[in-house]
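Student: Sequence and predicted structure, then a few things I'm wondering about:
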Amino acid sequence: IPHDPAVLQYIWPEFVGADLSKVSLMEALSKTSFDPTRRTMFIIEGLVYYLPPAAVKQQLTAISETAVRGSRLFFDFMHLDALSGDVFRPGLETLLVVSCWFTSA
C-alpha cells in the first residue's frame, strides 16, 4: 500500500447507498467525495436482476453520462433461463460479471 496521502485517499472504495428510484445518480454522488473529472470504478452488485429492464437502462445511461474516459463499470446479472429452470448452470456460469471501459470523451 502506498504511503503518499494523495494516493491513499483513492485506495478504498466509497460505498453509496441511495434509492435511485427517488434520487438521480449525480444527486447521490454529490453527497460523497466523487470527483466527476477523475476516472471512477462504478460497481452495481446484486442489484440489476431485481430491477425492471427500463430501470437498468436508466442507471447504465446515467453512469455513461457521468463517467469520464477510462472509468470502469462492473455489474452482475443472472440469465433468465436460470430462473425458469430450463437450464442449469452452476456458480459463475449462472451469475455473470460484466466489465466495461468508457472510451467516449
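Tutor: Ah, there it is.

Student: so where does the residue lying closest to residue 63 once chain neighbours are set aside fall, helix or strand?
Tutor: Ranked by C-beta to C-beta, 6 or more residues apart in numbering and with sequence neighbours excluded, the top spatial neighbour of residue 63 is residue 42, at 5.2 Å. C-betas here are computed from N, CA, C, even on glycine. Here residue 42 sits within strand 41-44, counting by DSSP states H and E.

Student: quick one: average confidence on that strand?
Tutor: On average, the pLDDT along strand 41-44 is 87.

Student: Pull up the pairing partners for that strand, direction included.
Tutor: Based on DSSP bridges, the pairing partners of strand 41-44 within the sheet are strand 72-78 (parallel).

Student: could you turn the strand it pairs with into CSV, dropping everything but the C-alphas?
Tutor: As requested, the backbone C-alpha atoms of strand 72-78 are provided in CSV (Å, rounded to 0.1, in the frame of the first residue of the first chain):
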residue,chain,number,x,y,z
ARG,A,72,-14.9,1.3,-15.5
LEU,A,73,-18.3,-0.3,-14.7
PHE,A,74,-18.7,-3.7,-13.1
PHE,A,75,-22.1,-5.3,-12.7
ASP,A,76,-23.5,-8.8,-12.3
PHE,A,77,-26.6,-10.3,-13.8
MET,A,78,-28.5,-13.6,-14.0
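
Student: residues near the closest residue to residue 43 other than its chain neighbours, how many?
Tutor: For residue 43, ignoring the flanking residues on the chain, the nearest one in space by C-beta to C-beta, 6+ apart is residue 74 at 4.9 Å. Neighbours of residue 74 under the rule other C-beta atoms under 10 Å: 13.

Student: do residue 67 as well
Tutor: The burial count for residue 67: 20, using other C-beta under 10 Å.

Student: what do you get for the one 5 residues further on?
Tutor: The burial metric for residue 72, expressed as a neighbour count using other C-beta under 10 Å, is 14.
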